[in-house]
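Undergrad: prediction below, plus the sequence it came from.
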Amino acid sequence: MRRLRTTSKASSRNVRSGLSLLEVVLSITIFVGAVTALSQLTTNGMSAAVKGRLDTQAILRCESKLAEISAAIEPLEDISDQSFQDDENWTWSLATSGGPHADVLFVTVTVTYNGQSDLSSTSVSLSKLIRDPAVFEDSVEEDAP
């Protein structure tokens, strides 16, 4: 004859049917901490992307102005906070000083973007040695008959 097992009421109370409050609070705390960390990483990544894009554009504008100055499209005289034609937020400045030789000038172009905050503002400077055009003009005038 077979006997059926019966369980007592004391052993049926030990069976878990759900999660305790401590486990729920702990899992929510871990979830909120992970979401906070991921949102901070996303914000830092977007800020770095904007800063990188602005720096790249500033370098390209700076190289363009140096090329214009080297080609004598722009005058070789000190200029401060001259805005670009395509965007008023971008400005450039030109500073010239004596170079290591008598016929060479040290030219520095600074391009600045004035954004709404420090995170969206940038400034880049590039320098180049350029032959003084006044020396060439003097030598051409002396050689002319």
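TA: Sure, I can see it. Residues are numbered from 1 along each chain as shown.
Undergrad: point out where the protein drops to low pLDDT.
TA: Within the chain, the ranges that satisfy pLDDT under 70 run 1-16, 136-145.
Undergrad: which parts of the protein are strands?
TA: Under the criterion DSSP state E, the chain carries strands at the ranges 79-83, 90-98, 104-113, 122-131.
Undergrad: put together TSV for those strands, with distance to residue 61 and mean neighbour count on each row.
TA: (Each C-beta comes from the backbone N, C-alpha and C, glycine too.) Compiled in TSV, the strands of the chain are given as follows (distance: least, CB to CB, whole Å; neighbours: other CB atoms under 10 Å):
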stretch	distance to residue 61	mean neighbour count
strand 79-83	11	13
strand 90-98	6	16
strand 104-113	5	19
strand 122-131	8	16
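Undergrad: relative to residue 48, which of those strands is closest?
TA: For the strands of the chain, proximity to residue 48 was assessed by CB to CB; strand 122-131 is nearest, at 12.5 Å.
Undergrad: nearest residue to residue 115 other than its sequence neighbours?
TA: residue 121 (4.2 Å; CB to CB, 6 or more residues apart in numbering).
Undergrad: contacts only, for the one you found.
TA: Applying CB atoms under 8 Å, 6 or more residues apart in numbering to residue 121 gives the contacts 54, 112-115.
Undergrad: now residue 100
TA: Counting by CB under 8 Å, 6+ apart, residue 100 touches 106, 129.
Undergrad: and residue 24, what does it touch?
TA: Per CB under 8 Å, 6+ apart, neighbours of residue 24: none.
Undergrad: residues contacting the residue nearest the centre of the chain?
TA: Closest residue to the average C-alpha location of the chain: residue 51 at 1.6 Å, with CA atoms, centre = their mean. Counting by CB under 8 Å, 6+ apart, residue 51 touches 119, 122.
Undergrad: how close does residue 45 sit to residue 124?
TA: Residue 45 sits 22 Å away from residue 124, going by CB to CB, to the nearest Å.
Undergrad: ok, what's across the strand from residue 125?
TA: Taking DSSP bridges as the rule, residue 125 bridges to residue 110.
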